[in-house]
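Novice: 3D model of this:
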Amino acid sequence: MGHILQKLYDVCGAIAGALILCICLLISAQIGLNAFGRFAPGLLPSTIPSYADFSGFMLAGATFLALAHTLRAGGHIRVNLVVARLPERAQFFAECFVLCVATCLAGYAAWFMGALVAESVHYNDVSNGIIPVALWIPQSVAAFGVGLLLVAILHTFVELLRAGKPILSTPGEV
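Specialist: Numbers count the residues shown, from 1 in each chain. Predicted coordinates for the structure are as follows:
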């Protein structure tokens with residue numbers, strides 16, 4: 001099961017990277033249209049409709065989809081200055097405590113994001129750009145990312161309990 005979850009985290013991380021690349025391409029295309037419009041006005045449209053909205057949606061998707069992958073890769077910022085100086089058993093309990101708190105916070109965020117998606121579906125919320133987009137679509141990606149972060153935290157917690165020793169204090173954490 002752990003291998004399947006790790007593959008899912010990696011796929012979501014790759015999708016997040018692809019979304020960042022799409023943002024770069026979209027913004028570059030907009031800059032190119034602006035520059036081309038100065039040399040040949042009226043030949044091509046000067047703007048991509050709702051490009052800022054789409055860039056924002058892709059950024060939100062990339063951010064939330066990358067959370068679980070980043071956690072499992074040990075890429076989140078941690079302050080190990082104090083914990084690294086504790087005895088191994090105290091490090092283990094500190095990691096247990098931190099993962100319990102993280103589980104509660106991520107669980108609440110996942111519940112809230114799910115409620116936000118349900119509310120957007122209920123009220124048929126759409127973006128207010130030139131191209132209206134149903135807001136539940138980008139919100140669903142964010143909700144999935146937070147839910148996957150919750151799964152990754154629980155996955156890490158189970159690994160910690162199985163190991164019976166600290167696993168987050170070393171560079172090759174999980």
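Novice: rest of the way, CA atoms for contacts and neighbours
Specialist: Will do.
Novice: now the residue nearest the centre of the chain, nearest residue through space, not along the chain?
Specialist: Note on the chain: the residue nearest the mean C-alpha position is residue 64, at 1.7 Å, using CA atoms, centre = their mean. Nearest residue to residue 64 in three dimensions, chain neighbours excluded: residue 145, at 4.6 Å (CA to CA, 6 or more residues apart in numbering).
Novice: these two touch, right, the residue nearest to the centre of the chain and residue 146?
Specialist: Yes: the pair formed by residue 64 and residue 146 meets the contact definition of CA atoms under 8 Å, at 6.2 Å.
Novice: and the next element down the chain from the helix or strand where residue 111 lies?
Specialist: Of the helices and strands defined by DSSP states H and E, residue 111 is found in helix 88-123. Scanning the chain past helix 88-123 towards its C-terminal end, the next helix or strand to appear is helix 136-163 (assignment: DSSP H and E).
Novice: any idea of the mean pLDDT for the helix holding residue 111?
Specialist: For helix 88-123, the mean pLDDT works out to 97.
Novice: Just the buried positions in it, please.
Specialist: Residues 91-92, 95-96, 99, 102-103, 106-107, 109-110, 113-114, 116-117, 120 are the ones in helix 88-123 that count as buried (16 or more other CA atoms under 10 Å).
Novice: pLDDT score assigned to residue 174?
Specialist: The pLDDT attached to residue 174 in the predicted structure is 46.
Novice: In contact with the residue nearest to the centre of the chain, which residues?
Specialist: Residues near residue 64 by CA atoms under 8 Å, 6 or more residues apart in numbering: 141-146.
Novice: same check, this time on residue 9
Specialist: Contact analysis of residue 9 by CA under 8 Å, 6+ apart lists 66, 68-69, 72, 148.
Novice: Let's see which of those residues end up in helices.
Specialist: Under the assignment DSSP state H, these contribute 66, 68-69, 72, 148 to helices.
Novice: Most widely separated two among those residues?
Specialist: The span of the ones in helices among the contacts of residue 9, defined through CA to CA, is set by 72 and 148 at 11.2 Å.
Novice: Show me which of the two is the more surrounded one.
Specialist: Ranked by neighbour count (other CA atoms under 10 Å), residue 72 and residue 148 place residue 148 first, with 24 against 21.
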